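# Structure for the following, please:
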Amino acid sequence: MSNKKIIGIDPGIYGGLSNGTEHIKTPLKRVIDKKPVFILDKDKSGKKQYYKTGPKAGQLKYKVKTPEKSHFELDMEKIIEFIKDSKIVVLEVPGLTRGNMAKATRTTMINFGILKALSELNAEKVIYVSPQHWKKDLRLSADKLEAIEMAEKETGTSFRTSRGALLDGPAEGFLLRKWYLEKWNISI
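Numbering: from 1, shown residues only. This is a model prediction of the structure:
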């Protein structure tokens, strides 16, 4: 079985996908909910303001009255491109924890549903596993740093940004895949 045919997915906006060699953050696209509103910029006496120099010289100046409102959502086309023709997708089931905000829980479950549907449509088989189950089998705690260090050791790849922020989504995507291979004793 080709190693690119097994995909691990840590769901959510800050999740990640891994096929064993390529590890990516969950692809997102920005959606504009409301365009910004601009008004003419006027000085204290009420006169219109113009650009005096530069490429906009002579043009009216505008200022933002109401800023743009937008949000990010899953980029389904890029996700499909990553998982299409895969044999197996290992998808983490979001845990239900007390104290989460209702809006955050709702968004998480909607995104999980999207990833579930895309996986079911584009892979031969989908395996669902809770974070507690696969982390217990790999002898990991809930600590994200521990998972990242294991993924870095296994792949030789850094799962951190240039500023040191942790990229736990792609790392956990890789570890979900690793869990499946070890669980079913599959050698690649």
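# State the next helix or strand along the chain beyond the biggest helix by length in the chain.
Longest helix of the chain, by residue count under DSSP state H: helix 102-122. Counting by DSSP states H and E, the next helix or strand C-terminal to helix 102-122 is strand 123-129.
# just checking, what packs against the strand or helix carrying I88?
Using DSSP H and E, I88 sits in strand 86-92. Helices and strands touching strand 86-92, by 3 or more CB pairs under 8 Å, 6 or more residues apart in numbering; DSSP states H and E, are strand 6-10, helix 102-122, strand 123-129, helix 168-183. No exception for glycine: its C-beta is placed from N, CA and C like everyone else's.
# Now the second one: buried residues?
The reference is to helix 102-122. For helix 102-122, a neighbour-count test (16 or more other CB atoms under 10 Å) marks 108, 111-112, 115-116, 118-119, 122 as buried.
# now swap in the last one and tell me
Buried residues in helix 168-183, counting neighbours by 16+ other CB under 10 Å, are found at 168-181.
# who's in contact with the residue nearest to T161 when sequence neighbours are not counted?
Once flanking residues are discounted, T161 sits nearest to L167: 6.6 Å by CB to CB, 6 or more residues apart in numbering. Applying CB atoms under 8 Å, 6 or more residues apart in numbering to L167 gives the contacts 16, 25, 148, 159-161.
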